[in-house]
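A.B. asks: only geometry, no sequence info:
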């Protein structure tokens, strides 16, 4: 059986929606088995719709603070997963000299959806649910207790 990555970095444009959602979901599913972090190409502010969407899964995102590549304490990851073209280009630049895999998960930015609160919330749920499925497929839950 192949050993999965022991450290994963999720990257999106502002570390305000997609990458924090993915980071919190993987931590929720894997516990401390995998070191997980997230950053953005630029600093953003956590979106309240993202917090609300994750709260529906009983995952608290409210304490997340947006970070950029420059804020990383450790830039040694087994796997970098990017969620926007801009993030992908930046990750490829960063990992040129590293033994690290980079995967591109093209993920809708839900802030481009306009409309009333329920329409916008539906877009955030769609992104959340799509990421949750990708994460469960890419990182199957191991048997046994979360360490």
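C.D. replies: Cool, got the structure. The shown structure was predicted, so the numbers you read here are calculated from the model rather than taken from an experiment. Numbers count the residues shown, from 1 in each chain.
A.B. asks: for this protein, what helix or strand is lowest in average pLDDT?
C.D. replies: Evaluated with mean pLDDT, DSSP states H and E, the helix-and-strand set of the chain has its lowest mean pLDDT in helix 85-95, which scores a mean of 92.
A.B. asks: contacts for that one?
C.D. replies: Taking contacts as C-beta atoms under 8 Å, 6 or more residues apart in numbering, the residues outside helix 85-95 that touch it are 9, 11-13, 19, 40-41, 69, 75, 80, 82, 102, 104, 106. (Glycine included, C-beta is placed from N, CA and C.)
A.B. asks: Among the residues you listed, show me the least confident.
C.D. replies: Across those, the bottom pLDDT score, 75, is held by residue 75.
A.B. asks: give the contact list for the nearest residue to residue 20 once chain neighbours are set aside.
C.D. replies: The spatially closest residue to residue 20, leaving aside those adjacent along the chain, is residue 64, at 4.6 Å (C-beta to C-beta, 6 or more residues apart in numbering). Residue 64 makes contact with 20, 23, 24, 46, according to C-beta under 8 Å, 6+ apart.
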